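**Student:** no sequence on hand, only this structure:
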């Protein structure tokens, strides 16, 4: 169905339920993109931490939920170092957050990202 914007806005829709108010809906897919070294991983980890622990994200309250964090673009050593660095500063994720270990992903060699880089 093709609608004008006005027609679309006039349609009755169920209210959006937010995981993070006005940032991330409960359903659907979110995509975090940006230039290399722009801080995407740090932002994603902050979001994951807020959701796993039911704290705040960007000053918005977040209800605790289970988080499955897929890290597929960083070598395993770098990913582990990043998590260890957070732990040194008291950041914990608890049992509400699980990860797919990079080495457990089909096609990923130990110490390499899926694209083969270190």
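**Tutor:** Nice, thanks for sending it over. Quick caveat, the model's predicted, so the values are computed rather than measured.
**Student:** pull the number of nearby residues for residue 50.
**Tutor:** Around residue 50 there are 21 other residues, counting by other Cβ atoms under 10 Å. Using the backbone N, CA and C atoms, a C-beta is placed for each residue, glycine as well.
**Student:** please apply the same query to residue 24.
**Tutor:** Neighbours of residue 24 under the rule other Cβ under 10 Å: 15.
**Student:** so it is in contact with residue 18, correct?
**Tutor:** Yes - Residue 24 lies in contact with residue 18 (Cβ atoms under 8 Å); the separation is 6.9 Å.
**Student:** and the contacts of stretch 87-95?
**Tutor:** 48-49, 52-53, 67 (Cβ atoms under 8 Å, 6 or more residues apart in numbering).
**Student:** tell me the buried residues in it?
**Tutor:** For stretch 87-95, burial by neighbour count (16 or more other Cβ atoms under 10 Å) applies to residue 93.
**Student:** average model confidence for that stretch?
**Tutor:** Mean per-residue pLDDT for stretch 87-95: 87.
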